[in-house]
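Asks: Give me a 3D structure for the following:
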Amino acid sequence: MNTLFGVVQTDYDFTRTLGMQLKDGRDFSPDRGTDSLSVLINEESARRMGMKDPVGKTLKLWDKDYSIIGLLKDFHYNSVYSPVEPLIVQLAPQDSYIFVRTEKNIPLPATIASVEGVFRKFNPAYPFEYRFLDDELEKSFKSEQQLGQLAAWFAGLAVLISCLGLFGLAMFTAEQRRKEIGVRKVLGASVSGVVMLLAKEFLKLVLVAFLIAVPVAWYAAGQWLQSFAYRTDVTWWVFALTGSLALFIALLTVSFQSLRAALANPVKSLRSE
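Replies: A predicted model of the protein is given here:
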């Protein structure tokens, strides 16, 4: 089985600037001339190569032998859809990208202006371009954020349309059973009893729809989460909360029309009989 290793060529203080944590060994140092033939690896690289204590051992990279001087704790450097991949960090000060860590107590515009001044001093002919690392990381979650927003809007629209249909159906049912409600009230039925009489039929339909929707939603959510290397589990309380909320909204929608029918004067309902 072939394993692809990511290689990052960097300068001194790269790991400290980005907040990477050394589990064992040391970082690159300008006081050590031999570090040009040294590398850092992450924990996943050590696992893939079967090394329990990799610091001090040698690996071959591009037909050269490099000494492993440090073991980095695993961190994401690629897509969040994939697990942490093996990584080798090599000392190469000639790289063209510069990482700068800002300080909280220094205004950001002042920091950018200071970096730009240094940049133009050494390379005035090249345009100064910069990006923020947190913005780049946010882009990797942008599609999920957009999907969540669309799902929320469509879910709200579906609930609104369902409530309108349920309200119309409750109005139609109450009108169809107007005389029955009048007879029940004359015989001593309470307002709450009449309301529950009309509401329970709709609640049964909502409950049946919920029981049908739960397996479908559970399966669809599980399939979507499978695309992530690190994911949460679909827990039962999410469906319990959703079902309770659906029943409450249905009861609230139906109760208005049911209460109106229950409070109507039974004399007017039976006058035509």
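
Asks: Give me the residues contacting stretch 231-251.
Replies: With CB atoms under 8 Å, 6 or more residues apart in numbering as the contact definition, stretch 231-251 has outside contacts at 159, 163, 166, 199, 202-203, 206-207, 210, 214, 217-218, 221-222, 225. From N, CA and C alone the C-beta is placed, and that goes for glycine too.

Asks: hmm, I was thinking of stretch 17-32
Replies: 10-16, 35, 38, 40, 43, 53-55, 68-73, 75, 91, 99-101, 133.

Asks: And those residues, which of them are buried?
Replies: The neighbour-count test (16 or more other CB atoms under 10 Å) marks 10-11, 14-15, 35, 38, 40, 43, 54-55, 68-72, 91 as buried among the contacts of stretch 17-32.

Asks: from those, which has minimum pLDDT?
Replies: Lowest-confidence member of these: residue 35, scoring 76 (pLDDT).

Asks: mind listing what it touches?
Replies: Residue 35 neighbours (CB under 8 Å, 6+ apart): 28-29, 69, 91.

Asks: On the three-state scheme, it is what?
Replies: Using DSSP: H, G, I helix; E, B strand; the rest coil, the three-state assignment for residue 35 comes out as helix.

Asks: The one 4 residues further on too?
Replies: Remark: residue 39 carries the secondary structure label strand [criterion: three-state DSSP].

Asks: That one: neighbouring residues, count only.
Replies: Applying other CB atoms under 10 Å, we find 23 residues neighbouring residue 39.

Asks: So it versus residue 20, what's the distance?
Replies: Going from residue 39 to residue 20 by CB to CB, to the nearest Å gives 14 Å.

Asks: separation between residue 253 and residue 246?
Replies: Taking CB to CB, one finds residue 253 at 11 Å from residue 246.

Asks: The two - which one has more neighbours?
Replies: Between residue 253 and residue 246, counted using other CB under 10 Å, residue 253 has the larger neighbour count: 22 against 18.

Asks: and that one, which of the three is it?
Replies: helix.

Asks: count of neighbours near residue 157?
Replies: 10.

Asks: For the host helix or strand of it, enumerate the helices and strands it packs against.
Replies: Assigned by DSSP states H and E, residue 157 falls within helix 142-176. When contacts are defined as 3 or more CB pairs under 8 Å, 6 or more residues apart in numbering; DSSP states H and E, helix 142-176 sits against helix 191-225, helix 236-263.
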